[in-house]
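> Structure here, sequence nowhere to be found:
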């Protein structure tokens, strides 16, 4: 079984490209810090469609408990607090069994 | 290279469970109908967190052209028109290279 967490973020229009790259870089460090992460893909929107969100994360875990370890992990919370939260305009998340 | 399309949907509160299952079932037929789809995972939110969207699709293609074939395919458009669009309260999408 795999338990998947998907989150799409729309950033504020005034958030600079450098800050967007900082968010991506900070997220991509998390698999090295949180051992329950099995797969972690961060992507920035390709600009094909209007009205899209800016970033997406697809993170896979062995089970829901593994996801909860990630969700509540201090390093994840630090990235959210320091890099993401000040810049989020909208957020959409789903967790599900695969 | 993989080109990924992620879309999260929030359905209207009045959308019945049977209709939600119909949406999931209709989406899950698309990989058999659209040959550019390489991987297609549809999930319904597990209910762990408040404020989540209800459904998510993570679809992988060889390249952006493969995604565009899917996006514009008549069977996909039929599912959107017949099953999804009348029930969507909010939508978040991102496409990106993996």
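Looks like it came in fine. For clarity, every value in this text was computed on a predicted model and none was experimentally measured.

> isn't there a helix covering residue A:50?
No - counting by DSSP: H, G, I helix; E, B strand; the rest coil, residue A:50 falls outside a helix, being coil.

> Give the phi and psi angles for the residue most central in space within chain A, as a check.
Among the residues of chain A, the one closest to the centroid is residue A:57, at 4.1 Å (C-alpha atoms, centre = their mean). Dihedral pair for residue A:57: phi -120, psi 130, per degrees, to the nearest 10.

> I'd like the distance between it and chain B.
9 Å (C-beta to the nearest C-beta, to the nearest Å). The way it works is simple: take the backbone N, C-alpha and C, and place the C-beta from them, glycine included.

> One more: residue A:96?
Between residue A:96 and chain B the computed distance is 3 Å (C-beta to the nearest C-beta).

> cool, and residue A:76?
With C-beta to the nearest C-beta as the criterion, residue A:76 and chain B are 14 Å apart.

> chain center to stretch A:54-70: distance?
Chain-centre distance of stretch A:54-70: 9 Å, with C-alpha atoms, centre = their mean, to the nearest Å.

> which residues are in contact with that stretch?
The contact list for stretch A:54-70 (C-beta atoms under 8 Å, 6 or more residues apart in numbering or on different chains) reads A:1-11, A:20, A:23-24, A:27, A:30, A:34, A:36-45, A:76, A:95, A:98, B:4, B:6, B:46, B:48, B:58, B:94, B:96.

> repeat that for 6 Å
A:2-11, A:34, A:36, A:38-45, A:76, B:6, B:58, B:94 (C-beta atoms under 6 Å, 6 or more residues apart in numbering or on different chains).

> tell me the mean pLDDT over that stretch?
Averaging pLDDT along stretch A:54-70 gives 98.

> quick one: terminal-to-terminal distance for that stretch?
Terminal residues of stretch A:54-70 are spaced 22 Å apart (C-alpha to C-alpha, to the nearest Å).

> if we can go back for a sec, buried only: go through the contacts of stretch A:54-70 for me.
The neighbour count (16 or more other C-beta atoms under 10 Å in any protein chain shown) marks A:3-11, A:34, A:36, A:40-45, A:76, B:6, B:58, B:94 as buried among the contacts of stretch A:54-70.

> Just the ones of the residues you listed in helices?
Counting by DSSP state H, the part of the buried ones among the contacts of stretch A:54-70 found in helices is residue A:76.

> Next, see if stretch A:30-50 gets close to chain B.
Yes - using C-beta under 6 Å from any C-beta of the partner chain, stretch A:30-50 comes into contact with chain B via A:41, A:43-46, A:48.
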